Structures are given as structure tokens and as C-alpha cells.
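Engineer: Next come a sequence and a model predicted from it.
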Amino acid sequence: IKKTEPIPVALYGGRHAVTMLPGGGIGPELMSYVREVFKYAGAPVDFEVIDIDPSDESIDYALTSIKRNGVAIKGNIETKSENTEIISRNVAIRNELDLYINIVHCKSFPGVHARQSNIDLMIIRQNTEGEYAMLEHESVYGVIESMKVVTESNSERVARYAFEFAKRNGRKKVTTIHKANIMKLSDGLFLDTSKRIALEYPEIEHNDMIIDNCCMQLVSNPHQFDVMMMTNLYGSIVSNVACGLIGGAGLLSGRNYGDHYAIFEPGTRNTGTAIAGKNIANPVAMLSASVDMLEHLGHQQHATLIRRAIEKTICEDRIHTSDLGGTAKSTDVVQKVIDHILESDIRP
Ligand code: ADP
Ligand code: MG
């Protein structure tokens, strides 16, 4: 079996070096919480912090650093949408590192007031092509063409990842989300490829659903889903719907994988410009991303220590920021997480 998760490379004396890209908006404050929590948990990770200025070459430093370290944690880098010359740095990083998979594990937090409860679904998304091919042009005045690129090789990598993931994690069903009734060639290829790969996994149920119906079903009956796989833009929309169902943008983490590198970030990839610097952003999504990163690096004990501290703070103490209907400041949540870490009897 081909190894589908990348191998971290930078390990010095038992400590990992990890690239940290704080990004804009709430990114820098969320990263300061990660560093604070890692300090108290004794997590053996050294961060190489790189601030990306969208107007210069700092993206090259970031890419070199990630290629050296193998692993990064990242906030969202804002792209000014008015300037059509500047492409999204976020997309550029994912493409350059060939991070062809994005995963958001959408799992309810008991104790968080949300539209749906007991949700536990995996959203697996093609992360480098589709509607994000960034091939747009004005063919004649007033007519814009935008190319959606779907390749058999990337569709196959996503399908294989989804079924392997289901197999290894005891999941029962994979659903391919598409619009092959309209985009017969592009989404048709994605769907057909997933059906072909599904034949290799007879023990796992496979079905498919049109993206519009999927959005309705997610809101009304999300418990029918287990592992979901889809192309890039649908993945962005569906993971935002799913995050909204269980408590919003501040809770869930997302993982980006290729064969060589991995990047961890909040699941909905928001910049949070309007709430930056006010001590009100929910720190949980980025802290969860840092826990995913520790697991990826093989620091399972430290990961469990921090994850349990987050769960106690959110599910038992119910120290909630305003996005979850609470009155706590970001730093109140972080302080409680640190208190639980210091009290824990599983500290490594
Ligand atoms: P984008 O960067 O995609 O434009 P925004 O920054 O506008 O997205 O975020 C979308 C919404 O999610 C906003 O209402 C923002 O306040 C909220 N949000 C994003 N991240 C968090 C967070 N960590 N805590 C609380 N609210 C958040
Ligand atoms: Mg914004």
C-alpha cells in the first residue's frame, strides 16, 4: 500500500521544527495562543515564524521553510480581491506543495449549543484544481471564461485517499458529491473515477449525491453522511455548511496533505479581519489544528493532553466566546485550557 500521509522530515534532538505562517486578521493572536499552550504542555516543537507580505517575495521563504520542515501551521493570508494581478497566496502554497487533499473532521462538541448534535463526518476535498485552477480570462469584452480543471490522476488520488481513510478508520460509507448531471465531463470524470476506485473496497458502501441536494440533506438530515469526497469549491462550501451546523467558524480544524508535506489550519480558513485585535476570536479551531499537527508528528501524548484540555474547557466548563453564545474572551478560554494542562495527570 502506498503511504498516503507524508513523513515529517525536520527532527533535531527529539524536537520537531515546524513552519508557522500566522497570516492576517486574527492569525497572529491565534498563533500566540498556540505557542503559549505548547509551552505549558511541553510540546517538543520549535516554530519558524514567517510573516507573509502579499506584496513581496516572502512567499518564497515560506515555501523553502515548509519544504525543509515538512510541516506547517497556518492562518489565512488575505488576498485583496480588487487586484486581479495578485493571486491568492493560500492557493499558491497548496499548489506549489501539491497538497492535493483537504480534510475537515466535522464532529460535534457536546455542550456547544448548535443546530445539530452528534455529528461525526469527514469531508475530504480535492485541494489543488477544479474551480481553483485560477485560469480566468476575458475572451471578448464583457465575457469572462473561467476554467474548471478536473484530472483523472487527482480524482483518483482523492478517491483512494477517501476509501483508504474509511478502511483504516472503521468508517462504513463514502459519498461522492458532484454536479455531474450538468458538468457531465468534469464532474462526470470525478464521479466515474470514484466509482471505479470504490470497486476495490467492496466492504465500504459507496453512493453519490448532487451538491445542491447534499446541502439540503446536510441541514435537514446530516446523520446519513459518514465520509464525503468532492471537488475543490464544493468542499469549501460543504465544510462551511458543516461547521455552521455544529457551532461556526471558530471550532473546527482542517488538514492539508500531499505526498511530502502537511499544513494544518482552521477548517473554514477565515481571516477574521473584523474581529482581529479584540480578544474575542474563538481560539479552539487553531488550537485543534495544532493538536492535529502534534498527532501528525507522532507526539500523541502531548496531542491527547491538549485535546482533552480543550474538550474540558468547551464541553464541561463551557467557557465559550461570543461566537458560541458565551461571554468569555479568547484569553479566558486559553487560560482555562492551560489550567487543565497543568492539572492533568497525563502530562508527559
Ligand atoms: P473570510 O476571511 O473568508 O472573508 P471572515 O474573516 O469574514 O472570512 O470570517 C467569516 C465569519 O466567521 C466572520 O463573521 C468572522 O467573524 C467569523 N469567524 C472566523 N473565525 C472566527 C473565530 N476564530 N472566532 C469567531 N468567529 C470567527
Ligand atoms: Mg474576510
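Structural biologist: Perfect, I can see it now. Keep in mind the model is a prediction, meaning the values are calculated, not measured. Ligands and ions are numbered 1, 2, ... in the order given.
Engineer: Enumerate the residues of the stretch 51-200 of the chain near ligand 1.
Structural biologist: Of all the residues in the stretch 51-200 of the chain, those in contact range of ligand 1 (Cβ under 6 Å from any ligand atom) are Asn76. The way it works is simple: take the backbone N, C-alpha and C, and place the C-beta from them, glycine included.
Engineer: need the helices for the stretch 51-200 of the chain, in chain order.
Structural biologist: Remark: helices assigned in the stretch 51-200 of the chain by DSSP state H, counting those that start in this stretch are 58-69, 89-96, 152-168, 186-198.
Engineer: give me the number of residues near Asn127?
Structural biologist: A count of neighbours around Asn127, defined by other Cβ atoms under 10 Å, yields 28.
Engineer: meant to ask about Asn279, not that
Structural biologist: 13.
Engineer: Check the one 10 residues further on too.
Structural biologist: Applying the criterion other Cβ under 10 Å, we find 23 residues in the vicinity of Ala289.
Engineer: for Lys39, same thing?
Structural biologist: Neighbours of Lys39 under the rule other Cβ under 10 Å: 11.
Engineer: again with Gly142
Structural biologist: Using other Cβ under 10 Å, the number of residues around Gly142 comes to 6.
Engineer: distance of it from ligand 1?
Structural biologist: Per Cβ to the nearest ligand atom, to the nearest Å, Gly142 is found 28 Å from ligand 1.
Engineer: confidence score at that residue?
Structural biologist: You'll see Gly142 listed with a pLDDT of 97.
Engineer: Go ahead and confirm Ser65 touches Asp51.
Structural biologist: No - Ser65 is beyond contact range of Asp51, at 11.8 Å (criterion: Cβ atoms under 8 Å).
Engineer: quick one on the thing from earlier: would you format the helices of the stretch 51-200 of the chain as CSV with mean pLDDT, distance to Glu136 and mean neighbour count included?
Structural biologist: What follows is the helices of the stretch 51-200 of the chain, written out as CSV (pLDDT from 0 to 100; distance: least, Cβ to Cβ, whole Å; neighbours: other Cβ atoms under 10 Å):
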stretch, mean pLDDT, distance to Glu136, mean neighbour count
helix 58-69, 94, 21, 17
helix 89-96, 93, 13, 19
helix 152-168, 98, 20, 20
helix 186-198, 98, 16, 20
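Engineer: Looking at the ones you listed, which is nearest to Ile119?
Structural biologist: Proximity of these to Ile119 was assessed by Cβ to Cβ; the nearest stretch is helix 152-168, lying at 17.0 Å.
Engineer: Give me the distance between Met31 and Ile77.
Structural biologist: Met31 is 13 Å from Ile77, where distance means Cβ to Cβ, to the nearest Å.
Engineer: Pull up the distance across stretch 262-270, start to finish.
Structural biologist: In stretch 262-270, first residue to last residue: 19 Å (Cα to Cα, to the nearest Å).
Engineer: His320 contacts Ala328, correct?
Structural biologist: Yes - contact criterion Cβ under 8 Å: His320 and Ala328 qualify, at 5.8 Å.
Engineer: mind putting the helices of the stretch 51-200 of the chain in a markdown table, distance to Glu343 included?
Structural biologist: As requested, those are exported to a markdown table (distance: least, Cβ to Cβ, whole Å):
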| stretch | distance to Glu343 |
| --- | --- |
| helix 58-69 | 32 |
| helix 89-96 | 37 |
| helix 152-168 | 33 |
| helix 186-198 | 46 |
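Engineer: what's the closest of those helices to Ile177?
Structural biologist: When these are compared (using Cβ to Cβ), the closest one is helix 186-198, at 9.3 Å.
Engineer: now the strands: where do they sit in the stretch 201-348 of the chain?
Structural biologist: 205-210, 227-230, 253-257, 262-266 (DSSP state E, counting those that start in this stretch).
Engineer: Of those, which is nearest ligand 1?
Structural biologist: The closest of the strands of the stretch 201-348 of the chain to ligand 1 is strand 262-266. By Cβ to the nearest ligand atom, the value is 6.5 Å.
Engineer: Can you list the helices and strands that the closest one packs against?
Structural biologist: Strand 262-266 sits against strand 71-74, strand 253-257, helix 284-297, with contacts defined as 3 or more Cβ pairs under 8 Å, 6 or more residues apart in numbering; DSSP states H and E.
Engineer: Quick one: residues contacting Ile211.
Structural biologist: Ile177, His178, Lys179, Met230, Tyr234, Ile237, Val238 (Cβ atoms under 8 Å, 6 or more residues apart in numbering).
Engineer: ugh, wrong one, Asn76
Structural biologist: Counted by Cβ under 8 Å, 6+ apart, Asn76 has contacts Gly23, Gly24, Gly25, Gly27, Asn90, Glu265, Pro266, Arg269, Asn270, Thr271, Gly272.
Engineer: Alright, I will stop here.
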